[in-house]
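>>> Just a sequence and a predicted model for now, questions to come.
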Amino acid sequence: MQKPNIPSNQSGFTLVEVFLVVVIIGILGSYAVPAFREFFGSAEITRAQDELANTLRLARSSALGYSKPVIVCSSSDGNSCKTTNQTDWTSGWIVFLDCNEDGVRDVNDATKECDMNNDDDTLDTEDDTEQLVKKQSEMEMTLSATVGTIEFDEIGRLATPGTFTLTSSSFDGTKTVAVNGYGRVTKSN
């Protein structure tokens, strides 16, 4: 019986070499994961900052366009302004025309004076009372403000300016959105 033909130089990796490669990949990965977390956290908080700034700009533009007060307020249910803990905007916000100027989103805002689509009805039709924006937050961050309500008057100005601060556990630092008395919205890091 003959022996099988086995070459004398065997090729392949030893267990030690494979283990060494796995250790090196693990070390490199331990440096990369926090950097990716910071990158994605920064992108998320920047997106939220942009979304809030654009909401405030839309509210001001709507106040100017409709010549009616527009309110932006913190909301936990997406239908009405919060009555407690108003400066915590983490759960979301709403934007609406406040035609009867009572500071509350209600059926009384649907009058002929607040006819958004100019169809001359005085009934509370859905198109006249619909909110301009309804934002329920999916953010994994904290959004706090110096005010609970931002109210733009019919010429786009504010009685009470406000500053919003965004913080996130996955991003070291804060981002802010500020709106001054003239309605100008600015963002900063």
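Yes, it's here. The structure displayed is predicted, hence computed values, not measured ones.

>>> Just the helices from this structure, written as ranges.
With DSSP state H as the criterion, the chain has helices at 15-66, 126-129.

>>> Of those helices, which is nearest residue 171?
Taking CB to CB, helix 15-66 is the member of the helices of the chain nearest to residue 171, at 3.6 Å. Where you see a C-beta, it was placed from the backbone N, CA and C, and this is true even at glycine.

>>> State which strand of the chain is the longest.
Longest strand of the chain, by residue count under DSSP state E: strand 171-179.

>>> Summarise which helices and strands that one is packed against.
Contacts defined by 3 or more CB pairs under 8 Å, 6 or more residues apart in numbering; DSSP states H and E place strand 171-179 against helix 15-66, strand 162-168, strand 185-188.

>>> Need the ones you listed in TSV (columns: distance to residue 106 and mean pLDDT).
Shown next, in TSV, are the helices and strands packed on strand 171-179 (distance: least, CB to CB, whole Å; pLDDT from 0 to 100):
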stretch	distance to residue 106	mean pLDDT
helix 15-66	17	86
strand 162-168	23	90
strand 185-188	27	92
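
>>> tilt between the longest strand of the chain and strand 162-168?
Going by axes from the mean of the first three to the mean of the last three CA atoms, to 10 degrees, strand 171-179 is angled at 160 degrees with respect to strand 162-168.

>>> what comes up buried for strand 171-179?
171, 174, 175, 177, 178, 179 (16 or more other CB atoms under 10 Å).

>>> Report the two of those residues separated the most.
Between any two of those (CB to CB), the greatest distance is 22.4 Å, for 171 and 179.

>>> hang on, the earlier thing: mind putting the buried residues of strand 171-179 in TSV, distance to residue 65 and pLDDT included?
Shown next, in TSV, are the buried residues of strand 171-179 (distance: CB to CB, whole Å; pLDDT from 0 to 100):
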residue	distance to residue 65	pLDDT
171	35	74
174	32	87
175	28	91
177	22	94
178	23	94
179	18	93
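
>>> can you tell me how far the spatially most central residue of the chain sits from residue 80?
Taking CA atoms, centre = their mean, the centroid of the chain lies closest to residue 48, which sits 3.1 Å from it. Applying CB to CB, to the nearest Å, the value for residue 48 to residue 80 is 22 Å.

>>> Residue 163 too?
When distance is defined by CB to CB, residue 163 is 24 Å away from residue 80.

>>> again, but for residue 18
The separation that residue 18 has from residue 80, given CB to CB, amounts to 62 Å.

>>> Also residue 20?
Taken as CB to CB, the span from residue 20 to residue 80 is 62 Å.

>>> again, but for residue 31
48 Å.
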